[in-house]
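S.K.: The sequence and its predicted three-dimensional model are supplied below.
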Amino acid sequence: MTIVTLSSCASPEQRLKERGEKLERFASNAVKHLFDRDPKTYRQSVAALMREELDDGTIDKLQASGNLPEPGLEEMKVVSDAEDKKTSNTVEVKSAKAVAGKVKQDVVPIQVNGDVVNLQDGVKKNEQPFSLEVDCKLTDAMEGYPRVVAIRGLENFTATSIKPTEANSNTKVSAPPSAANRKRKIRRG
């Protein structure tokens with residue numbers, strides 16, 4: 001029995017092109033999973049991110065910034081809130097392109113652009129464009145399974161946040177003055 005692999009017959013240029021395309025598809029899927037807020041698919045998207053797509057450092061950073069839930073209760077709350085409010089979304093990736101000249105490296109930046117379409121009761125509520133740079137790592141030791149090691153551009157995008165949002169600009173909220181702002185008299189004896 002003879003097994004022939006096509007990749008060994010490909011030219012170095014063809015292998016680089018295939019590598020770039022693979023990383024572009026991977027980054028595109030990771031971004032779709034990151035922005036997913038559809039209660040029907042949210043848990044699967046989070047599982048894919050945490051088990052297959054993000055490295056540990058990226059998971060920690062995204063959780064700290066509120067862009068990825070802690071497993072368990074936070075994850076269930078996102079689904080429950082979306083079901084209660086009858087909200088969901090779709091993620092449309094318009095382009096995913098490897099930064100020119102970087103495909104040979106172990107870490108390849110991929111520019112991913114698109115829109116998150118937010119829905120309420122199945123009707124389009126708004127559309128939010130995004131532009132992210134996703135660093136994907138793929139080495140020979142990784143046996144063809146890339147990982148996202150960094151994402152830049154999320155700081156300007158609010159659709160992914162799982163933390164409570166700030167009050168609406170039309171709503172005035174006044175908080176009691178904090179103790180830190182009051183002058184205190186210290187008696188010394």
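M.R.: Yep, that arrived.
S.K.: My read is that residue 63 contacts residue 75, right?
M.R.: No. Contact criterion C-beta atoms under 8 Å: residue 63 and residue 75 do not qualify, at 11.0 Å. All C-beta atoms are positioned from the backbone trio N, CA, C, and that covers glycine.
S.K.: Identify the contacts common to the two.
M.R.: The contact sets of residue 63 and residue 75 overlap at residue 69 (C-beta atoms under 8 Å, 6 or more residues apart in numbering).
S.K.: tell me the secondary structure for the residue nearest the centre of the chain?
M.R.: What sits nearest the mean C-alpha location of the chain, by C-alpha atoms, centre = their mean, is residue 34, with 3.3 Å. Of the three states, residue 34 takes helix under DSSP: H, G, I helix; E, B strand; the rest coil.
S.K.: partners of the strand or helix carrying residue 117 in the sheet?
M.R.: Using DSSP states H and E, residue 117 maps to strand 107-120. Applying DSSP bridges to the sheet, strand 107-120 is found paired with strand 87-98 (antiparallel), strand 123-137 (antiparallel).
S.K.: where in the chain is pLDDT low?
M.R.: The model of the chain has pLDDT under 70 over residues 1-9, 158-189.
S.K.: give me that answer again for 50
M.R.: 2, 4-7, 163-189 (pLDDT under 50).
S.K.: any idea how far residue 45 is from residue 33?
M.R.: Separation of residue 45 from residue 33 (C-beta to C-beta, to the nearest Å) stands at 4 Å.
S.K.: Have a look at those two and say which one is more surrounded.
M.R.: More crowded of residue 45 and residue 33, by other C-beta atoms under 10 Å: residue 33, with 23 against 20.
S.K.: so the more buried one touches residue 51, yeah?
M.R.: No. Using C-beta under 8 Å, residue 33 is not in contact with residue 51; the gap is 10.8 Å.
S.K.: before we move on, back to that, check whether the residue nearest to the centre of the chain really touches residue 65, as I assumed.
M.R.: No. Judged on C-beta under 8 Å, residue 34 makes no contact with residue 65 at a distance of 11.5 Å.
S.K.: Just the CA trace of the strand holding residue 117, in CSV.
M.R.: Output of strand 107-120 as CSV, limited to C-alpha atoms (Å, rounded to 0.1, in the frame of the first residue of the first chain):
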residue,chain,number,x,y,z
VAL,A,107,3.4,33.9,14.6
VAL,A,108,1.4,35.4,11.7
PRO,A,109,-0.7,38.5,12.1
ILE,A,110,-4.1,38.2,10.3
GLN,A,111,-6.2,41.4,9.6
VAL,A,112,-9.8,40.4,10.1
ASN,A,113,-12.6,42.9,9.1
GLY,A,114,-16.4,42.6,9.1
ASP,A,115,-19.6,43.4,10.9
VAL,A,116,-21.5,42.2,13.9
VAL,A,117,-25.2,42.4,13.2
ASN,A,118,-27.2,42.6,16.4
LEU,A,119,-30.7,41.3,16.4
GLN,A,120,-33.7,41.8,18.7
